[in-house]
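> I would like the atomic coordinates for the input below:
(one chain, ligands or ions: 1)
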Amino acid sequence: MTTTPVAPSLIATLPGRYYTDPELFRTEQERIFAHMWFCAVRSADLAKPGAFRTVQAGRENVLVTRTRTGAVKAFLNVRRHRGARLCTEAVREVRRNLQCPYHAWTYDLDGRLIAAPNLTRMPDVDRSAYGLVEVALREWLGYAWLCLADEPPSFEETVIGAAVERLGDAAAIDRYRTLFHTWLAEQLREPGGPA
Ligand code: FES
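Numbers count the residues shown, from 1 in each chain. Next up, the predicted model:
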């Protein structure tokens with residue numbers, strides 16, 4: 001087979017294995033994507049306290065909830081008892097708490113372990129150490145943004161800074177924000193709330 005040399009004015013792509021090698025994919029996830037902010041959920045999709053969504057973020061499944069105080073929080077979707085997935089649905093609403101179907105460990109919407117069978121008979125189990133593992137979350141322009149890193153990079157510099165740089169106009173973001181708030185106020189006036 002003959003290969004055509006790459007013309008100097010064209011940019012050569014990476015060798016094929018960079019697109020298919022599972023080990024390179026794992027390294028990319030670990031070293032790059034696990035340290036970046038990304039847009040995960042529309043805030044309006046978590047309209048009421050108790051609403052949650054599960055999203056895949058790289059190799060992790062993340063649970064995004066609307067708490068009783070109206071805040072939006074994110075946790076690794078992992079049971080603290082046996083390590084399997086806590087919520088299997090992509091979208092759901094619960095009345096008050098999240099309960100594991102296996103042994104009924106129960107977490108509030110802020111991720112705290114609030115009940116488990118026989119917990120009072122196990123004084124060595126510190127329930128504060130067995131809450132859901134929180135994931136960094138920021139709300140901006142009507143979206144919840146997540147970062148899996150223990151020490152996320154500055155949201156202002158990386159996300160807001162990049163948006164302003166690409167638009168070349170900080171005022172465009174303010175116009176979008178105004179449009180979004182107008183839209184949201186209209187949706188909230190509708191009987192069914194945000195679509
Ligand atoms: S595996 Fe969920 S409570 Fe035991």
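
> Return the distance of stretch 136-151 from the chain's centre.
7 Å (C-alpha atoms, centre = their mean, to the nearest Å).

> buried set for that stretch?
Residues of stretch 136-151 classed as buried: A136, L137, R138, W140, L141, G142, Y143, A144, W145, L146, C147, L148 (neighbour count, 16 or more other C-beta atoms under 10 Å). All C-beta atoms are positioned from the backbone trio N, CA, C, and that covers glycine.

> try stretch 68-75
V72, K73, A74, F75.

> Make TSV from those residues and add pLDDT to it.
What follows is the buried residues of stretch 68-75, written out as TSV (pLDDT from 0 to 100):
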residue	pLDDT
V72	96
K73	97
A74	98
F75	98
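
> and the ligand, which of these reach it?
Here nothing survives when the buried residues of stretch 68-75 are matched to the ligand using C-beta under 6 Å from any ligand atom.

> Return the distance of the helix or strand of the chain at the bottom of the mean pLDDT ranking from the chain's centre.
Least confident helix or strand of the chain, by mean pLDDT, DSSP states H and E, is helix 170-189 with a mean of 78. Helix 170-189 sits 22 Å away from the centroid of its parent chain (C-alpha atoms, centre = their mean).

> about what we covered before: I'd like the buried residues of stretch 136-151 as a markdown table, with secondary structure and pLDDT appended.
As requested, the buried residues of stretch 136-151 are exported to a markdown table (DSSP: H, G, I helix; E, B strand; the rest coil; pLDDT from 0 to 100):
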| residue | secondary structure | pLDDT |
| --- | --- | --- |
| A136 | strand | 98 |
| L137 | strand | 98 |
| R138 | strand | 96 |
| W140 | strand | 92 |
| L141 | coil | 88 |
| G142 | coil | 88 |
| Y143 | strand | 93 |
| A144 | strand | 96 |
| W145 | strand | 97 |
| L146 | strand | 97 |
| C147 | strand | 97 |
| L148 | coil | 96 |
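
> Quick check: of those residues, which lies closest to G50?
Of all the buried residues of stretch 136-151, G50 sits closest to A144, with 15.9 Å by C-beta to C-beta.

> hmm, back to that, hmm, which two among the buried residues of stretch 68-75 are most spread apart?
Among those, V72 and F75 lie farthest apart (C-beta to C-beta), at 11.4 Å.

> any shared contact partners between those two?
The contact sets of V72 and F75 overlap at T65 (C-beta atoms under 8 Å, 6 or more residues apart in numbering).

> which one of the buried residues of stretch 136-151 is nearest the ligand?
Taking C-beta to the nearest ligand atom as the measure, L148 is the one of the buried residues of stretch 136-151 closest to the ligand, at 22.3 Å.
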